[in-house]
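Undergrad: A predicted structure for the sequence below; I have some questions about it.
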Number of protein chains: 2
Amino acid sequence: MSKIKNIIWPQIILFGDSITQVSFQPNGWGSEMANKVVRKCDVVNRGLSGYNSRWAKVVLPRLISKESASSNHIAAVTVFFGANDCALEDKNPQQHIPLQEYSENLKDIVKHLGSVGVSADKVIFITPPPLHEPAWEKECVLKGSALNRLNSVAGQYAQACVQAAGQCGADVLDLWTLMQKDGQDFTGYLSDGLHLSEKGNQFVAQHLWRLLESRVEQLPFILPYWGDVDPKQPESSLLCD
Amino acid sequence: MSKIKNIIWPQIILFGDSITQVSFQPNGWGSEMANKVVRKCDVVNRGLSGYNSRWAKVVLPRLISKESASSNHIAAVTVFFGANDCALEDKNPQQHIPLQEYSENLKDIVKHLGSVGVSADKVIFITPPPLHEPAWEKECVLKGSALNRLNSVAGQYAQACVQAAGQCGADVLDLWTLMQKDGQDFTGYLSDGLHLSEKGNQFVAQHLWRLLESRVEQLPFILPYWGDVDPKQPESSLLCD
């Protein structure tokens, strides 16, 4: 019998803030990606609620290092920050990141990924979604603060994200623009004015899949289809590539 | 600054047949586990549709080896086979596994896991769910075969699974018994007589969580809560354990 070879299960890494952290909620966009790539790829949740791109850039080397990237095959990385970066400086100085720095941080993230072998064509930026101010204001008031984000400012960060993607050769899913396209009512995509509703999760899943599909379609189906396993000699089908 | 330390994200590995492979479908039990353990643990899908315990035992060393187990911290492994093993020998000889061998295969799986450092107290067996014969017969007929499984036979495999768990010190979730407890109508837990409906997914999630919770509650929340990050010196919070 040939030597038993470990199977490397490729990974799609979802790197982002709370919108990523909760992406495995019922009907979440993360689970839907995992469901679509089953037997081809793992979907790994590296969502960090509340984090901005500055903190993301600091922790990324602890999450994806040369060592970890070389032992796993990384098929794609989504980079989904901005919803906290765009918090207003005077209302939320802890999370706010200046626009220019946000853009540099995104590019630095791609640079780090490149340095550990994950090329820019595997990276998909996702812009913050639009913000529904009246709903988010209610959340802010409940926590004792004033409205701390504006949709127009989120739009500036989304635009910076699209530009940064172009500059470093990454793909981008511009949620802010897509969700407001043709003057549609985007509020149904959100649960609290900032995070995604079920409809918003489906929207992200649908659009992200268009970008992810090409990155996983060439990956093999891992281990044989059960009907192809020889029941008399299962080892011959199951232990060889 | 102290040397940057890689973060090891512990894993819960879901090892099983199609009922595991599709566990990230909308409202699936796999996604619900992933959602519950976010920032503590990854949930890794190693569901192999159509596979029985004989094939599972053959491929397991390719999926969890000493090498992979030592570089990841494995918090728990679910072992969920039997729904194919219990197929009737005369109707479905390709998938059928004799009852005694099924039991031995489960114990061999625990033995392999032990040999790579995953002790039996981290293993949770899951028995096959009950089978709704009229619904499954329709599926069989659509594929040109006769009814190829019986609920009473699935029950024998479930019982063997419970016994094997006891013998090797693993925990067990006895779906076959729980779903029929107190004469309740179990058919709503199934989508096609064999696989889980949305209600069945919720049932599995609820009962499995009771067993998994104790295995993950001691795991730390990975990386600081955002409100605890010092915005003036984020590195001090984010780069140290």
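TA: Cool, got the structure. Residues are numbered from 1 along each chain as shown, chains lettered A, B, ... in the order given.

Undergrad: Quickly check: the helix or strand of chain A with the lowest mean pLDDT near chain B or not.
TA: For chain A, using mean pLDDT, DSSP states H and E, the weakest element among its helices and strands is helix A:66-71, scoring a mean of 85. Yes. Helix A:66-71 is in contact with chain B by Cβ under 8 Å from any Cβ of the partner chain, via A:67-68, A:71. No exception for glycine: its C-beta is placed from N, CA and C like everyone else's.

Undergrad: right, and the helix or strand after that helix?
TA: Counting by DSSP states H and E, the next helix or strand C-terminal to helix A:66-71 is strand A:74-80.

Undergrad: quick one: strands adjacent to that next one?
TA: Sheet pairing of strand A:74-80 (DSSP bridges) gives strand A:11-16 (parallel), strand A:123-126 (parallel).

Undergrad: Now those in a markdown table, please, with extra columns for mean neighbour count and mean pLDDT.
TA: Putting these into a markdown table (neighbours: other Cβ atoms under 10 Å in any protein chain shown; pLDDT from 0 to 100) gives the following:
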| stretch | mean neighbour count | mean pLDDT |
| --- | --- | --- |
| strand A:11-16 | 25 | 98 |
| strand A:123-126 | 25 | 98 |
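
Undergrad: Let me have the ones you listed in a markdown table, adding distance to residue B:123 as columns.
TA: As requested, the strands paired with strand A:74-80 are exported to a markdown table (distance: least, Cβ to Cβ, whole Å):
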| stretch | distance to residue B:123 |
| --- | --- |
| strand A:11-16 | 24 |
| strand A:123-126 | 36 |
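
Undergrad: Pull the contacting residues for residue A:122.
TA: Residue A:122 makes contact with A:74-77, A:113, A:215, according to Cβ atoms under 8 Å, 6 or more residues apart in numbering or on different chains.

Undergrad: Against chain B, how distant is it?
TA: Per Cβ to the nearest Cβ, to the nearest Å, residue A:122 is found 19 Å from chain B.

Undergrad: Before we move on, what's the pLDDT of that residue?
TA: In this model, residue A:122 is scored at 97, pLDDT.

Undergrad: go on, the one 5 residues further on?
TA: Reading off the confidence values, residue A:127 has pLDDT 98.

Undergrad: Check the contact between it and residue A:170; I expect there is one.
TA: No. Using Cβ atoms under 8 Å, residue A:127 makes no contact with residue A:170, being 12.0 Å away.

Undergrad: Please say which of the two ends up with more neighbours.
TA: Between residue A:127 and residue A:170, residue A:127 has the larger neighbour count (other Cβ atoms under 10 Å in any protein chain shown), namely 26 against 23.

Undergrad: Any stretches of chain A with poor pLDDT?
TA: Applying pLDDT under 70 to chain A flags residues A:1-3.

Undergrad: Next up, the contacts around the most centrally placed residue in it.
TA: For chain A, the residue whose C-alpha lies nearest the mean C-alpha position (Cα atoms, centre = their mean) is residue A:78; its distance is 3.4 Å. Applying Cβ under 8 Å, 6+ apart, we find residue A:78 in contact with A:12-16, A:20, A:123-126, A:208.
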